[in-house]
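J.: return atomic coordinates for the entry below.
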Amino acid sequence: MTTVLAPVAGAAVGLRAVPDPVFSEGLVGPGAAIEPAREPGEAVSPITGKIVKLHPHAFVVVGDDGRGVLVHLGIDTVQLKGEGFRLLVSEGDQVSAGQPVVVWNPLEIEAGGRSPVCPVVALDAVEGSVTTLAQGAVRAGDELFLWA
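T.: As a prediction, this is how the structure comes out:
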């Protein structure tokens, strides 16, 4: 069982609420999303593991068990080419669950006409393996879902 933490503070919502079919239809995998608090903050690692992919707007952490979790900060934020994001770690770094990874500001994302919603996806997870989804208000580092 893997406990996946909320990478940002805000309101936990289902992936269906994400305005991008790649996430809302579960094409990347099951998980949850967070409608972030509209204030500058840090995105933290959802699990303990190694940063295997790191972009300013998204990162993947893989645990010792081989399970990977994708955190995507906003929708279409790749178009920002890193503007408005500050990396706190490097690709290949070992991180602890709850450790800050990226500094960002959801208000800036929204001001640019993009959704700041944050999908958190259990990569390559089988259907039905993600359970106990958080509902409502969460803080960064709170339990978001369980991956059986």
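J.: from now on I want contacts and neighbour counts done on CA atoms only, so please keep to that.
T.: Noted.
J.: ok, the nearest residue to residue 34 once chain neighbours are set aside - contacts?
T.: The shortest distance from residue 34 to any non-neighbouring residue, by CA to CA, 6 or more residues apart in numbering, is to residue 12 (4.5 Å). Listed by CA atoms under 8 Å, 6 or more residues apart in numbering, the contact set of residue 12 reads 32, 33, 34, 35, 134, 135, 136, 137, 138, 144.
J.: just residue 102 next, same as before
T.: By CA under 8 Å, 6+ apart, the contact list for residue 102 reads 42, 43, 44, 56, 85, 86, 87, 88, 89.
J.: show me what it is bridged to.
T.: Beta-bridge partners of residue 102, counted by DSSP bridges, are residue 43, residue 87.
J.: okay, it: pLDDT?
T.: As predicted, residue 102 sits at a pLDDT of 98.
J.: what subset of the contacts of residue 12 is buried?
T.: For the contacts of residue 12, a burial check counting by 16 or more other CA atoms under 10 Å picks out 32, 33, 34, 35, 134, 138, 144.
J.: so which of these belong to strands?
T.: Secondary structure from DSSP state E places 32, 33, 34, 35, 138, 144 of the buried ones among the contacts of residue 12 in strands.
J.: in its sheet, what does the host helix or strand of the residue nearest to residue 34 sit against?
T.: In this assignment (DSSP states H and E), residue 12 forms part of strand 10-13. Strand pairing for strand 10-13, determined by DSSP bridges: strand 31-36 (antiparallel), strand 136-138 (antiparallel).
J.: what does the longest one rub up against?
T.: Spelled out, it's strand 31-36. For strand 31-36, the surrounding residues in contact (CA under 8 Å, 6+ apart) are 6, 8-15, 17-18, 106, 116-122, 130, 133, 144-145.
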